[in-house]
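Trainee: my questions are about this predicted structure, shown below with the sequence.
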Amino acid sequence: MTSFASCLTSPLAGAIVALSLLASSSMTMAQVKLGQTTQAGGQQEIATQDLVTSMSSDIVSIQSNFTGTEIVIFGQISDGLKKSHPDSKYDLAITVEGPSQDITTRRKDRFLGVWINRHYETFQNVPSFYAAATTRNVGDLAHRDVLDDNAIGLFHLNLPVSGHSGVPVNDRDDFRKAFLELRQQEGLYSERPGAIQFLTNTMFRTTVPLPANIPVGAYKVRSFLFEDGSLLARQEAQLYVGKVGFEQLTFNLSRNYPFFYGLLAVVLAVLTGWLAGVIFRRD
Amino acid sequence: MQLYLPIAEIPVNIFVIFGMGGAVGFLSGLFGIGGGFLLTPLLIFSGIPPAVSVATVTTQVVASSASAVITYWRRKAIDFKLAFMLLIGGIAGSALGVVLFDVLQSLGQLDLVISISYVTFLGTIGGLMLVESLRAIRRRRTGHVPSARRPGQHNWIHGLPFKMRFRQSKLYVSVIPILFLGSSIGFLGTVLGIGGGFMMVPALIYLLRVPTGIVIGTSLLQILFTMAAATILHSMSTQTVDIVLALTLMIGGVIGAQFGARMGQNLRGEHLRLLLALLVLGVGLRFAIDLLLTPENVYSIAIMKGAGA
């Protein structure tokens, strides 16, 4: 957390850094080779399938003037990578996933004329933030199983429910749908087909907006390379979202020393009230 | 200008919040109320999470009542012994309120309880005040001069045991109704994020027959301490007091209150009470409508565990 202050790079400056890093193929970038898991079976000549990505900044600092930001993700598909067919196209998917949460979805029903929360379903360990950027419609990228396994696309997110749910089985889909819709309305879940642009045949770029209400914590940024429906390469990076300075201090105080935090709030309130009395005193 | 709230974890327009604090402060200065019952719904309506709104308003009430208490203290219009007894009840009620707040929040029924309580209390008190102020206006028109205090007239409350003497209020009354009153209002204040002055003042005047001149200062002192306790209890239990939000609200509030108080001196008491009654009824009605009308979206989500819970 202490390193946040030193990493307040703007997206633009970060992008330039990212480009230069790409050019020098720096060691800071993780490279994951996927020799066996690809479905391009039997084609031994494409063993060097590589996907390299870099973010404009791997730290998002939340200060008092934070109103949301965006991260730029650059990537390069290795030149050594040969397509199985000369005219086949690459497809890409990049997902950004926030730290997990347990979220309860409730449904109101009319009870004695009054609308109250009745049925509820708790989704456990679901991402607090999820953004998917793809080159085209998620369903066209790959087979459903591949998308489900890698959580690519809103409808392929794994949303496990807690055991003690009182929701009728045929209503479960409604809860799932309502949950996804509400999260999308809050700007915390998104799926944007066509949001990844190719700069050259092998170089791509996308921008992921991070709204002002993003939760703090460690985020996973995953990139996937597809060709004709088969997953060629996968790469994962970390992104930290954290409060810095006064916001961090205040938050930590409220969590680590709640009594003193409360006392401080009271002292501030009494002081403000007293000060107003002194300033506006009329007699 | 946007300002990021460290506990609510959302940015807000600082001028909007400041304006809200000022407007509610103006009304609280005008009517001599804390204004929590107006501010909490306003904050919830503007997108602050309900739990943060309720807890933070308790802090704002501390500031607005502290300002007024100092004024009444100077005028020696506070019965400290009575306030102390009310306070003992108040702290017990607050502690119970925080527990219930936690339970309701985890059950997902906090909003319902807040709404129903608002409808019930605001409806009842607004209705009573409306009738009383209309009667007073009619009396003034017809030329009757009512005697506000009728000494010697007792009700059943004065027959209860454990009597105690309150010199400042010229009272000799049982501590049971005082403790009960203090704890009920402390409880409601913590759960609903209101000071409860609009309930405390009529109860002290009509039930305990405390002299009107002493009532407001005494009630405010009790509210000051109860809400201070509620702020600390909320900080420790629900951890939803947002100090930045509170500070913005209270600065707007204390400034607005001064202008309200000045304007209030130019208005007749019964006219003030009529306006307040309409305001209270209006807020109550707003909650009633929300409960009865079909909501736009029947689904809602709440974070139970993990980041941002």
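Mentor: Happy to help now that I have it. Numbering: from 1, shown residues only, chains lettered A, B, ... in the order given.
Trainee: can you pull the contacts of B:Ser183?
Mentor: Residues in contact with B:Ser183, defined by CB atoms under 8 Å, 6 or more residues apart in numbering or on different chains, are B:89-90, B:92-93, B:96. Where C-beta positions appear, they are placed from N, C-alpha and C, glycine not excepted.
Trainee: buried subset of the residues you listed?
Mentor: For those, burial is judged from neighbour counts taken by 16 or more other CB atoms under 10 Å in any protein chain shown, and it is met by B:89-90, B:92-93.
Trainee: low-confidence ranges in chain B?
Mentor: Under the criterion of pLDDT under 70, the regions of chain B flagged as low confidence span B:144-158, B:305-309.
Trainee: what about the longest strand in it?
Mentor: Selection of the longest strand in chain B by residue count, based on DSSP state E, yields strand B:299-306.
Trainee: about what we covered before: just the closest of the contacts of B:Ser183 to chain A, please.
Mentor: Within those, proximity to chain A (CB to the nearest CB) peaks at B:Gly90, which comes in at 14.6 Å.
Trainee: the host helix or strand of that closest one: how far from the chain's middle?
Mentor: Per DSSP states H and E: B:Gly90 is located in helix B:80-107. Helix B:80-107 has its C-alpha centroid displaced from the chain centroid by 13 Å (CA atoms, centre = their mean, to the nearest Å).
Trainee: contact partners for whichever residue of the stretch 1-150 of chain B sits closest to chain A?
Mentor: Per CB to the nearest CB, the residue of the stretch 1-150 of chain B with the smallest distance to chain A is B:Ala66, at 3.0 Å. For B:Ala66, the contacting residues are A:269-270, A:272-274, A:277, B:224, by CB under 8 Å, 6+ apart.
Trainee: using CSV, lay out those together with secondary structure, distance to A:His156 and neighbour count.
Mentor: Supplementary listing: the contacts of B:Ala66 in CSV, determined by DSSP: H, G, I helix; E, B strand; the rest coil; distance: CB to CB, whole Å; neighbours: other CB atoms under 10 Å in any protein chain shown:
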residue, secondary structure, distance to A:His156, neighbour count
A:Ala269, helix, 49, 31
A:Val270, helix, 54, 19
A:Thr272, helix, 51, 24
A:Gly273, helix, 54, 24
A:Trp274, helix, 58, 16
A:Gly277, helix, 60, 19
B:Leu224, helix, 55, 28
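Trainee: so how far is stretch B:128-137 off the chain centroid?
Mentor: For stretch B:128-137, the distance from its own C-alpha centre to the chain's C-alpha centre is 21 Å (CA atoms, centre = their mean).
Trainee: in it, which residues are buried?
Mentor: Neighbour counts over stretch B:128-137 (16+ other CB under 10 Å) mark B:129-130, B:132-133, B:136 as buried.
Trainee: export the residues you listed to CSV and tack on distance to B:His271?
Mentor: As requested, the buried residues of stretch B:128-137 are exported to CSV (distance: CB to CB, whole Å):
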residue, distance to B:His271
B:Met129, 12
B:Leu130, 12
B:Glu132, 13
B:Ser133, 8
B:Ala136, 9
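Trainee: CA-only coordinates of the longest strand of chain B in PDB, if you can.
Mentor: The C-alpha atoms that make up strand B:299-306 are tabulated as PDB, following Å, rounded to 0.1, in the frame of the first residue of the first chain:
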ATOM      1  CA  TYR B 299     -35.000  -6.700  -7.100                       C
ATOM      2  CA  SER B 300     -32.300  -5.200  -5.000                       C
ATOM      3  CA  ILE B 301     -28.800  -6.200  -4.100                       C
ATOM      4  CA  ALA B 302     -26.700  -5.800  -1.000                       C
ATOM      5  CA  ILE B 303     -23.100  -6.700  -0.400                       C
ATOM      6  CA  MET B 304     -22.800  -9.000   2.500                       C
ATOM      7  CA  LYS B 305     -19.100  -9.900   2.600                       C
ATOM      8  CA  GLY B 306     -15.800  -8.900   0.900                       C
END
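Trainee: pairing partners for the helix or strand A:Gly75 falls within, with directions?
Mentor: In this assignment (DSSP H and E), A:Gly75 forms part of strand A:69-77. Strand pairing for strand A:69-77, determined by DSSP bridges: strand A:51-55 (antiparallel), strand A:203-210 (antiparallel).
Trainee: for chain B, what are the nearby residues on the stretch 1-150 of chain A?
Mentor: Near chain B, the residues belonging to the stretch 1-150 of chain A are A:62-68, A:98-109, A:113-117, A:120, A:122, A:125, A:128 when assessed by CB under 8 Å from any CB of the partner chain.
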